[in-house]
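Student: coordinates only, sequence not included:
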């Protein structure tokens, strides 16, 4: 028995209506310029957080984990985001040194999958980004024991108030347990929706970070 909340598969007429103007097949010789273009397209069309991405990690027990985070920078060295290194994801990233990312832009019917090796950014990079954050976000980085049990909301608000009083009006330095992670991709797959689930998929892969890319198409 199907659940009413789950939409049925599209009919042929619905497919044709949704794909009245088919985009050209993905054509690129390297992935980063294409990713930059797709991100710019998403920024123009997504209702919020076009830089949101699902971050997948694996814990010491071998169980997978996933959550949404925000991309803060990218270049040929990789994709950068920031977090508390003592959080669940921070410990998993430091423990395995590997991660996967997924960007899904619903308004464009596109997604990008990334798999790669993880390193921390330099202290200079982390310091610079931390100082660009809103002051309350800086205080929050000190106040939150991320991923640890929280007795109630008041306990968090109390810690925020305590750190706000501690720092006063002075500069707030970056906590040593808060930094950025860079995912250096070994594979990047671009996916574009096409009619009747016959999607366009292009995979860029390489044996090592900064190595040459191999490009190929995949069955949908």
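Tutor: Sure, I can see it. Note that the structure is predicted; figures quoted are calculated from it, not measured.

Student: pretty sure residue 82 is in a strand, no?
Tutor: Yes - counting by DSSP: H, G, I helix; E, B strand; the rest coil, residue 82 is found in a strand.

Student: Show me what it is bridged to.
Tutor: Per DSSP bridges, residues listed as beta-bridge partners of residue 82: residue 180.

Student: shouldn't it be in contact with residue 129?
Tutor: Yes - proximity of residue 82 to residue 129 meets the contact threshold set by Cβ atoms under 8 Å, at 6.1 Å. For the C-beta atoms, the positions are set from N, CA and C on the backbone; glycine is no exception.

Student: so what sits against both of these two?
Tutor: Listed as contacting both residue 82 and residue 129 by Cβ atoms under 8 Å, 6 or more residues apart in numbering are 72, 180.

Student: what ranges do the strands span in the chain?
Tutor: Defined through DSSP state E, the strands belonging to the chain, from first to last, are 52-58, 64-70, 73-75, 78-84, 98-105, 110-120, 178-192, 200-205, 214-217.

Student: could you redo the ones you listed as TSV and give each row mean pLDDT, distance to residue 90 and mean neighbour count?
Tutor: Rendered in TSV, the data for these read as follows (pLDDT from 0 to 100; distance: least, Cβ to Cβ, whole Å; neighbours: other Cβ atoms under 10 Å):
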stretch	mean pLDDT	distance to residue 90	mean neighbour count
strand 52-58	98	9	19
strand 64-70	98	11	12
strand 73-75	97	18	15
strand 78-84	97	5	21
strand 98-105	98	11	19
strand 110-120	98	10	19
strand 178-192	98	8	21
strand 200-205	97	27	18
strand 214-217	97	32	11
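
Student: out of everything not next to it in sequence, what's closest to residue 215?
Tutor: Ranked by Cβ to Cβ, 6 or more residues apart in numbering and with sequence neighbours excluded, the top spatial neighbour of residue 215 is residue 204, at 5.5 Å.

Student: Same check on residue 142?
Tutor: Excluding the flanking residues, the one nearest residue 142 by Cβ to Cβ, 6+ apart is residue 163, at 4.6 Å.

Student: got it, and residue 141?
Tutor: Counting by Cβ to Cβ, 6+ apart, residue 178 is the residue found nearest to residue 141 once chain neighbours are left out, at 4.8 Å.

Student: tell me the centre residue of the chain?
Tutor: With the centre of the chain defined as its mean C-alpha position, the nearest residue by Cα atoms, centre = their mean is residue 53, 2.8 Å away.

Student: Hmm, residue 103 and that one touching each other?
Tutor: Yes - with contact defined as Cβ under 8 Å, residue 53 counts as touching residue 103 (5.0 Å).

Student: shared neighbours, the two?
Tutor: By the contact definition Cβ under 8 Å, 6+ apart, residue 53 and residue 103 are jointly contacted by residue 71.

Student: beta partners for the residue nearest to the centre of the chain?
Tutor: Beta bridges link residue 53 to residue 69 when assigned by DSSP bridges.

Student: what's it in contact with, if anything?
Tutor: Listed by Cβ under 8 Å, 6+ apart, the contact partners of residue 53 are 68-71, 79, 81, 101-103.
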